[in-house]
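Engineer: next comes the sequence, and after it the predicted model I'd like to discuss.
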Amino acid sequence: MQAKRVNKVEAELQALLDNGANVWVVGDVHGHAKTLAALIDKLDIDLLDRIVLLGDLIDRGPDSCKVIKMARENHQIFAVKGNHEEMMLKCFDPFHLENPGLNQAGWYYIGGRETAQSYLNTFQKPDGDIDNLSLVKRAGHDLAWIESLPDHIVLDEWRLVHAGYSPSEGELDSQSTESLLWVRGEFHNSTRILDENRTIVFGHSTMIGFGIPQDGIWFSELELDNGMFAAMGIDSCCYGGNDPQLTAMNLQDGKIIKQRLVN
């Protein structure tokens, strides 16, 4: 399936950038709602500023249900879809969260179990039973919102995407959702610039995976004519490693702000 863009989102973000507003791009949250809230406090955004989450809002951390709620209900927060959202769309079954079937096994193994538990915790009544009606209703709204997310956001000087682009798949705007949500090595190791006019900012691949300290940023060795890097990775691995962090980068001035894990 060809990756999806949402023109309304891109137009709003570009207009705000053109008028001097800050647009902060944030790496993979992975269910750490307290850490995301602490980072947003640090950003000190005003009414015209915006935040773009680079996918993988969910899984592994304890509060995926809350992270989705934060993103859905705050008009200043945008998001692109990540591979974990894609798996949630395929595997989340609100009727069988406590007794998952084979279809859910793979997702549960890589963090889906924590997401399912966050929904059960959210809708647990004082007597210990689950408010199934409210859970199913909320799940329907959340899944519809995730389904509506773009796979990438293309601005005048930036491409915002979860994993990256395939150097072998041709025109970037015609590439598949699978590539944008899952690609790793062939994108990181590309020997040619994939977009001559835009820096690609992505999450998905952690600083640990690049062999970089978690307080760092990954930069492509390739540069655009304007002196900017061809690509930048900002996933500081909020869920693991020796120094879990969440990273935000301001598209207006390049400023980087990091927040260590808040338990």
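Structural biologist: Structure received.
Engineer: can you give me the strands for the chain?
Structural biologist: Per DSSP state E, the chain carries strands over the ranges 23-26, 50-53, 77-79, 152-154, 158-161, 199-206, 218-219, 231-235, 245-250, 256-260.
Engineer: distance to Leu181, mean pLDDT and mean neighbour count added to those, as CSV?
Structural biologist: No exception for glycine: its C-beta is placed from N, CA and C like everyone else's. Below are these laid out as CSV (distance: least, CB to CB, whole Å; pLDDT from 0 to 100; neighbours: other CB atoms under 10 Å):
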stretch, distance to Leu181, mean pLDDT, mean neighbour count
strand 23-26, 17, 98, 24
strand 50-53, 14, 98, 23
strand 77-79, 13, 98, 23
strand 152-154, 10, 98, 24
strand 158-161, 9, 98, 26
strand 199-206, 8, 98, 24
strand 218-219, 18, 98, 18
strand 231-235, 13, 98, 25
strand 245-250, 19, 98, 23
strand 256-260, 24, 98, 17
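Engineer: so which of the ones you listed is nearest Gly106?
Structural biologist: strand 199-206 (17.7 Å; CB to CB).
Engineer: same list, the strands of the chain, but as CSV with distance to Ile68 please.
Structural biologist: Shown next, in CSV, are the strands of the chain (distance: least, CB to CB, whole Å):
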stretch, distance to Ile68
strand 23-26, 14
strand 50-53, 10
strand 77-79, 9
strand 152-154, 19
strand 158-161, 19
strand 199-206, 16
strand 218-219, 27
strand 231-235, 19
strand 245-250, 16
strand 256-260, 19
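Engineer: just checking, what packs against the helix ranked longest in the chain?
Structural biologist: The longest helix of the chain (DSSP state H) is helix 132-148. Helix 132-148 sits against helix 64-73, helix 83-91, helix 113-122, with contacts defined as 3 or more CB pairs under 8 Å, 6 or more residues apart in numbering; DSSP states H and E.
Engineer: go again using 6 Å as the cut-off
Structural biologist: Contact partners of helix 132-148 among helices and strands, from 3 or more CB pairs under 6 Å, 6 or more residues apart in numbering; DSSP states H and E: none.
Engineer: what about that helix, distance to the chain center?
Structural biologist: Taking the mean of its C-alpha atoms, helix 132-148 sits 19 Å from the chain's own mean (CA atoms, centre = their mean, to the nearest Å).
Engineer: for that helix, C-alpha coordinates in PDB please.
Structural biologist: What follows is helix 132-148, C-alpha atoms only, in PDB (Å, rounded to 0.1, in the frame of the first residue of the first chain):
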ATOM      1  CA  ASN A 132     -15.800  -3.500  29.100                       C
ATOM      2  CA  LEU A 133     -18.300  -1.200  27.400                       C
ATOM      3  CA  SER A 134     -16.200   1.900  28.100                       C
ATOM      4  CA  LEU A 135     -13.000   0.000  27.000                       C
ATOM      5  CA  VAL A 136     -14.500  -1.100  23.700                       C
ATOM      6  CA  LYS A 137     -15.800   2.400  23.000                       C
ATOM      7  CA  ARG A 138     -12.400   4.000  23.800                       C
ATOM      8  CA  ALA A 139     -10.600   1.400  21.800                       C
ATOM      9  CA  GLY A 140     -12.800   2.200  18.700                       C
ATOM     10  CA  HIS A 141     -12.000   5.900  18.900                       C
ATOM     11  CA  ASP A 142      -8.300   5.200  19.400                       C
ATOM     12  CA  LEU A 143      -8.000   2.800  16.500                       C
ATOM     13  CA  ALA A 144      -9.900   5.100  14.200                       C
ATOM     14  CA  TRP A 145      -7.500   7.900  15.100                       C
ATOM     15  CA  ILE A 146      -4.400   5.800  14.500                       C
ATOM     16  CA  GLU A 147      -5.800   4.700  11.200                       C
ATOM     17  CA  SER A 148      -6.200   8.300  10.200                       C
END
